[in-house]
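J.: no sequence on hand, only this structure:
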């Protein structure tokens, strides 16, 4: 089953709400809300860097807001500083995750360009395409990859077809 990418932010919102609820249930002495990493990572990987950054900001602020409803043994200013640190760390995680996701996508596209079995004529080297017609090797590879062909002659073919231009040993 495949989920449309435009619905993923709503899934991340549900996951983020679940993380906030679980974090609220945990003791406040756990200073780094590790559960918040998951919505940030998933949003940055599957959607965009900006959605990941939004989660990286909103989730620590939600935790700061929840601190106001629980008695804590430290001053509120420490909670604000911890929140700023969390936001910074989560933003870095979101940016790096997004960059890794985009790089992975581009590498997957490159790998998919030419893969699998390619039916080729053993005589003329034409390749059978998806329309079951035979096309020259260069045309097929050019259409299915970023490769650009240049033509020349190897030393064996030069000797065979143009012996007058080959140096005599």
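T.: Sure, I can see it. Keep in mind it's a predicted model, so treat the numbers as computed, not measured. Numbers count the residues shown, from 1 in each chain.

J.: which parts of this protein are helices?
T.: 8-25, 37-46, 49-67, 76-113, 137-144, 155-161 (DSSP state H).

J.: and the longest one, what other elements does it pack with?
T.: In other words, helix 76-113. helix 37-46, helix 49-67 (3 or more Cβ pairs under 8 Å, 6 or more residues apart in numbering; DSSP states H and E). Bear in mind the C-beta positions are built from the backbone N, C-alpha and C, glycine included.

J.: now residue 52. Nearest residue, chain neighbours left out?
T.: residue 44 (2.7 Å; Cβ to Cβ, 6 or more residues apart in numbering).

J.: ok, that neighbour - contacts?
T.: Listed by Cβ atoms under 8 Å, 6 or more residues apart in numbering, the contact set of residue 44 reads 51, 52, 53, 55, 93, 94, 95, 97, 98, 101.

J.: distance-wise, check the nearest residue to the third one once chain neighbours are set aside relative to residue 20.
T.: Once flanking residues are discounted, residue 53 sits nearest to residue 94: 4.9 Å by Cβ to Cβ, 6+ apart. Plainly put, residue 94 is 17 Å away from residue 20 if you go by Cβ to Cβ, to the nearest Å.

J.: neighbour-wise, which of those two wins?
T.: residue 94 (26 against 20; other Cβ atoms under 10 Å).

J.: lowest-pLDDT helix or strand in this structure?
T.: helix 8-25 (a mean of 81; mean pLDDT, DSSP states H and E).

J.: got the angle between it and helix 37-46?
T.: Counting by axes from the mean of the first three to the mean of the last three Cα atoms, to 10 degrees, helix 8-25 lies at 170 degrees to helix 37-46.

J.: buried set for helix 8-25?
T.: 8, 9, 12, 15, 16, 19, 20, 23 (16 or more other Cβ atoms under 10 Å).

J.: name the nearest of these relative to residue 165.
T.: residue 8 (62.4 Å; Cβ to Cβ).

J.: hmm, residue 9 is touching residue 42, no?
T.: No - Residue 9 is not in contact with residue 42 according to Cβ atoms under 8 Å; the separation is 9.9 Å.

J.: so how far is stretch 7-26 from its chain's centroid?
T.: 22 Å (Cα atoms, centre = their mean, to the nearest Å).

J.: likewise stretch 13-27?
T.: Computed by Cα atoms, centre = their mean, the chain-centroid distance of stretch 13-27 equals 26 Å.

J.: which residues touch it?
T.: 33, 35, 36, 38, 39, 42, 55, 58, 59, 62, 63, 66.
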